[in-house]
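Asks: Starting from these lines, generate the structure:
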Amino acid sequence: MKFFNGHWEKAKGVTMYHPREVYEWHQRGKEFVFLAPHQNIQGRGMTLDGVVFTFHISVAGDGIFHIVAEHYQGIRKRTPEFVLNRGEEELCPEETENAFTICSGTGELHITKNPFSMEFFHRGKYMTKIDFSDFGYIRTEDTGVLLYEEQAGETYMRGATSLSVGENIYGLGEHFGPLVKNGQSIDMWNDDGGTSSDLSYKNIPLYLSNRGYGIFVNHPERVSFEVGTDRVEKVGFSVPGERLDFFYLGGGTMKEALKLYTDLTGKPALPPDWSFGLWLSTSFVTNYNEKTVTEILERMSEEEIPVSVFHFDCFWMKGYHWCDFLWDKEVFPDAAGMLKRLHEKGIRVCVWINPYIAQASDLFSEGMEKGYFIRKNNGDVWQWDKWQAGMAIVDFTNPEAKKWYQLKLEALLDMGVDCFKTDFGERIPVENVVYYDGSDARKMHNFYSYLYNETVFEIVKKKKGEKDAIVFARSGTAGGQKFPVHWGGDCFARYEAMAESLRGGLSLTLSGYGYWSHDIGGFEDTSTPDVYKRWVAFGLLSTHSRLHGSGSYRVPWIYDEEATKVLRHFVKVKEQLRPYLLEKAKENHETGIPLMRAMVLEFPEDPACAYLDRQYMLGERYLVAPVFCPTGEVTYYLPEGSWKNYFTGKTTEGGKWITETVDYFTIPLWERIGL
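Replies: Modelled structure (predicted):
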């Protein structure tokens, strides 16, 4: 949210108060607490009236500083809160005449008393700074009356870090615009908006700097980021209310900052080995039954294209009944037998679900009577007609509702289903909404995705074991990386959508998520054979690979004869890379460093890599540059070092740009020599 009108003035109706000096301080347990009034106190009378900030500083791990700035402290604490593995270390502030220094491993926080500021260092190297004017308590629609009088506007707390010359900002979740976030205004608000707008299914209030630090804003509700916009030399972040809570993540490199972030919010689980194979879907609104499924899989087998997972999309259940978790008997009269027959072919099964219960579902009455749904203020079940007629939303803050939902999934797992595609979870209401545990609806809007995916992941893990636990999720928030994998949502079947999908995936993996997939060939419409074949190469060189669409099957033979050969070829390529991918997956599980990496993450010192968003690394060894045009021409950058072409065996030295034209059986795939 923007609060300024140019450099000199605030936006209309905005009054902002800044902490000018450290006035009084003490150590309370493992916290360093100080007061910071909005004016310099030059006499006793100046302590009357006016705004005072209370700061709480603690050390939450090696290189992690936790900073909380409060105005009014009497505000009732509202849930939910992010699930954090937060440690609390002893701190020993060192005081000089006009400053304090707090150390944490290789990190240092310098607090200047007057004028108040915070500076962060790593091994003595300056990282970033927060001046007194970067913190703000803000009132909107201010009429100029006294502070203690009620006003119509809202209040916000704001912070901002300085942007150094040449500093770039990354992350903030899965966003489909430019990879470098400088110059962008981004709100953390999950929404079902496809891949071609500024809306996002997965908003993560974490940004990384190429200087080697991160800022994690510890608020599940809407957080507004102004990255070099409101103030071009600042990254501003604001939240509604009277309290601002954030973590500074040191480390000295972007990789180390990601390690610290996932130490704090959780490491990704290790996906099953079989999940790295090819996933094939029925697609969305196609007509299919067991005969269709069998014929498709038999054709794939005849074409020597091994399928690891077969996915049944929405219409495995009857229309208007989503979700009742019951196979449509008119289409699948022997679902258990079908699942057994698929397992006999060595194929695992994924089925589509969401957290909504349609009014026509047999479960609606049961859920309503037992209080398992989100309710309105008057006690009615919250319902609407978007997506499913009269649908309700499961209230996962109710432990009994969570168990109830898991029991429905358990029956499917017992029948032979192996995992679930946890679709939706973004369109969660905030007005006239009551949760079982009293959670604040605005804080719950994004966090709902965490509870939803956690609920499903838990039951899969319980029934199938830790080695086979996986979901295929669309929505996410901070900590959601613990429940892999995630895919990029509804994209169009064209090159522009393919490129925007990649930008979203790289942005997401720079936000703590280890794995990422997308709909090969695009979801909306049916692509040309050309786009499909190029997308196959890209898709099979992503961490997880799924053929999925809307109105048509994504099997290769509907495109042209060559598409089948291309798919077969790249399935084999990924199979050859599987041992390496599994090795990197284990590394991600242990460290939080993503398997699929933006170039800047692997080569932070190379200025040519800073903005690259049409190529990426798989681990530290393989460089992939998808083709985004029908001519087959691709231009990409090979960083310094020795490289070997995966397909030709040709070796070359890096530090240069390459332009080449490749056929459908080739994609720039280079291996770093000497690793």
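Asks: what sits against Arg427?
Replies: Remark: with contacts taken as CB atoms under 8 Å, 6 or more residues apart in numbering, Arg427 is in contact with Asp191, Asp192, Lys386, Trp387. Yep, even glycine has a C-beta here, placed from its N, CA and C like the rest.
Asks: go with 6 Å
Replies: Taking CB atoms under 6 Å, 6 or more residues apart in numbering as the definition of contact, the neighbours of Arg427 are Asp192.
Asks: Return the distance of the top strand by length along the chain from the chain's centre.
Replies: Using DSSP state E, we find that the single longest strand of the chain is strand 52-61. The offset between the C-alpha centroid of strand 52-61 and the centroid of the whole chain comes to 27 Å, using CA atoms, centre = their mean, to the nearest Å.
Asks: ok, and what's touching that strand?
Replies: With CB under 6 Å, 6+ apart as the test, strand 52-61 has contacts from 19, 30-37, 66-70, 86-87, 89, 91, 104, 263.
Asks: Filter the residues you listed down to the ones in helices?
Replies: Per DSSP state H, helices hold the following members of the contacts of strand 52-61: Asp263.
Asks: Can you find the helix or strand in the protein with the smallest mean pLDDT?
Replies: Lowest on mean pLDDT, DSSP states H and E among the helices and strands of the chain sits strand 9-10, with a mean of 90.
Asks: which neighbours does that strand have in its sheet, and in what orientation?
Replies: On the basis of DSSP bridges, the sheet neighbours of strand 9-10 come out as strand 4-5 (antiparallel).
Asks: Okay, now stretch 158-177: how far is its last residue from its first?
Replies: Counting by CA to CA, to the nearest Å, the length from the leading to the trailing residue of stretch 158-177 is 25 Å.
Asks: Check stretch 207-226 too.
Replies: Criterion CA to CA; first-to-last residue distance in stretch 207-226 is 11 Å.
Asks: Please apply the same query to stretch 105-122.
Replies: Distance across stretch 105-122, first residue to last, is 9 Å (CA to CA).
Asks: Give me the mean pLDDT for it.
Replies: Here the mean pLDDT over stretch 105-122 is 97, rounded to a whole number.
Asks: So for that stretch, what gets flagged as buried?
Replies: By neighbour count, with 16 or more other CB atoms under 10 Å as the criterion, the buried positions of stretch 105-122 are 106-113, 116-122.
Asks: What are the contacting residues of it?
Replies: With CB under 6 Å, 6+ apart as the test, stretch 105-122 has contacts from 19, 21-22, 36, 62-63, 65, 98-102, 123, 127-132, 248, 250, 252.
Asks: Among these, name the buried ones.
Replies: The neighbour-count test (16+ other CB under 10 Å) applied to these identifies 19, 21-22, 36, 62-63, 65, 99-100, 102, 127-132, 248, 250, 252 as buried.
Asks: So, low pLDDT: which residues of this protein?
Replies: Along the chain, segments meeting pLDDT under 70 span 143-152.
Asks: Okay, helices next: where are they in it?
Replies: In order along the chain, the chain carries the following helices (DSSP H): 254-265, 290-302, 335-344, 363-370, 399-415, 441-464, 495-509, 529-540, 561-591, 599-602.
Asks: ok, Glu303 touching Lys565?
Replies: No. Judged on CB atoms under 6 Å, Glu303 makes no contact with Lys565 at a distance of 8.6 Å.
Asks: Could you list which of the contacts of stretch 105-122 belong to strands?
Replies: Ala36, Phe65, Ala99, Phe100, Thr101, Ile102, Met127, Thr128, Lys129, Ile130, Asp131, Tyr248.
Asks: what's the closest of those residues to Val307?
Replies: Checking the ones in strands among the contacts of stretch 105-122 against Val307 with CB to CB, the nearest one is Tyr248 at 46.0 Å.
Asks: Which residue, other than its chain neighbours, is closest to the closest one?
Replies: Spatial nearest neighbour of Tyr248, chain neighbours left out: Phe65 (4.4 Å); criterion: CB to CB, 6 or more residues apart in numbering.
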